[in-house]
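>>> coordinates only, sequence not included:
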């Protein structure tokens with residue numbers, strides 16, 4: 001393949017999502033594309049096969065991610081791995097997935113953040129302690145802080161202490177007025193509270209299940225929560241995560257969620273979600289189980 005216009009905006013959360021812009025060529029998932037050295041050919045081959053129920057090809061996606069230093073590739077690769085890679089591959093990811101470039105000062109932090117984001121977006125509860133360990137090992141926790149968002153989305157019904165991150169330590173009262181001390185943060189207390197929240201949720205929900213906001217993931221709840229977030233214009237806006245979960249599980253097309261400027265088309269988005277709740281048979285998806293285009297993602 002040399003012309004990828006059929007995938008314009010595909011695998012981009014605020015564009016085509018999990019859908020093609022136009023019908024792809026018949027050979028999009030063929031072996032010669034899967035084995036290609038071109039990242040785009042491999043990405044779309046893996047995606048096409050996963051949509052058809054073949055979840056065995058993600059090692060090819062990892063192969064090109066590890067050999068190409070491309071933000072686009074790692075972004076779409078993250079999305080595909082999160083939503084469609086088998087659990088066994090995800091469990092091995094911290095050891096298997098290696099960055100294409102090392103040697104710069106914070107490469108280990110970058111690698112940890114990419115990995116924990118992939119794991120977090122899979123929604124498996126067992127990822128929470130793995131994400132916690134990766135975050136604990138990050139040196140610059142202020143710069144590479146997405147673990148707070150990922151863990152909060154898994155564990156907290158509303159934004160809470162996990163999401164808010166470490167609190168700033170007040171300056172010493174005896175400092176002179178002219179002195180502006182560097183900001184310090186209480187990472188230890190935040191880590192302790194986060195670990196306690198992980199333990200609390202894991203004590204009540206089996207680790208192999210998918211969760212959303214501290215409860216077993218149910219698509220009807222995800223759709224209803226998205227409607228509330230859109231109507232109330234909640235900040236930060238995370239409805240792209242609702243959209244991608246609903247599309248990934250069911251194969252429904254929610255492309256009309258967004259305007260060209262990246263903001264919601266509020267009326268269209270709510271209408272699509274309400275129609276999905278009415279006619280999408282969301283109750284056919286077993287709570288806590290991961291699906292991709294209507295098929296259970298294998299362990």
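Perfect, I can see it now. Keep in mind it's a predicted model, so treat the numbers as computed, not measured.
>>> surely residue 56 is in a strand?
No - secondary structure of residue 56 (DSSP: H, G, I helix; E, B strand; the rest coil): coil, not part of a strand.
>>> number of residues surrounding it?
As a burial measure, residue 56 scores 12 neighbours (other CB atoms under 10 Å). (Each C-beta comes from the backbone N, C-alpha and C, glycine too.)
>>> local confidence estimate at it?
Predicted confidence (pLDDT) for residue 56: 97.
>>> quick one: residues contacting it.
Each residue near residue 56 by CB atoms under 8 Å, 6 or more residues apart in numbering is listed here: residue 49.
>>> please apply the same query to residue 127.
90, 119-120, 154.
>>> mind giving me the domain split of this protein?
In terms of domains, the chain is parsed into 1-85, 217-296 (source: automatic domain parsing).
>>> and those as JSON lines, adding distance to residue 175?
Output for the domains of the chain, formatted as JSON lines (distance: least, CB to CB, whole Å):
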{"stretch": "domain 1-85", "distance to residue 175": "42"}
{"stretch": "domain 217-296", "distance to residue 175": "33"}
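>>> got a list of what the residue nearest the centre of the chain touches?
Nearest to the mean C-alpha position of the chain, counting by CA atoms, centre = their mean, stands residue 121 at 2.9 Å. For residue 121, the contacting residues are 78-79, 82-83, 150, 241, 244, by CB under 8 Å, 6+ apart.
>>> can you pick the most crowded of those residues?
Highest neighbour count within the contacts of residue 121, by other CB under 10 Å: residue 150, with 26 neighbours.
>>> can you tell me the closest non-neighbouring residue to that residue?
Closest residue to residue 150 apart from its sequence neighbours, by CB to CB, 6 or more residues apart in numbering: residue 120 at 3.0 Å.
>>> does that neighbour count as helix, strand or coil?
Residue 120 is classified as helix under three-state DSSP.
>>> out of the domains of the chain, nearest to residue 193?
Of all those, the one in closest proximity to residue 193, counting by CB to CB, is domain 217-296 (20.4 Å).
>>> where do the helices sit along the stretch 151-299 of the chain?
Assigned by DSSP state H, counting those that start in this stretch, the stretch 151-299 of the chain shows helices spanning 161-164, 187-202, 219-232, 239-250, 266-279.
>>> what's the most buried one of the ones you listed?
Neighbour counts (mean count of other CB atoms under 10 Å) averaged over each of the helices of the stretch 151-299 of the chain peak at helix 239-250, with a mean of 22.
>>> which residue is the nearest non-sequential neighbour of residue 9?
residue 15 (3.3 Å).
>>> would you mind measuring from that neighbour to residue 283?
Residue 15 sits 29 Å away from residue 283, taking CB to CB, to the nearest Å as the criterion.
>>> how about residue 18?
Distance, residue 18 to residue 283, using CB to CB: 21 Å.
>>> give me the more crowded residue out of those two.
Per other CB under 10 Å, whichever of residue 18 and residue 283 has more neighbours is residue 18, with 28 against 10.
>>> how about the strands in this structure?
Secondary structure of the chain, counting by DSSP state E: strands at 211-212, 215-216, 291-292, 295-296.
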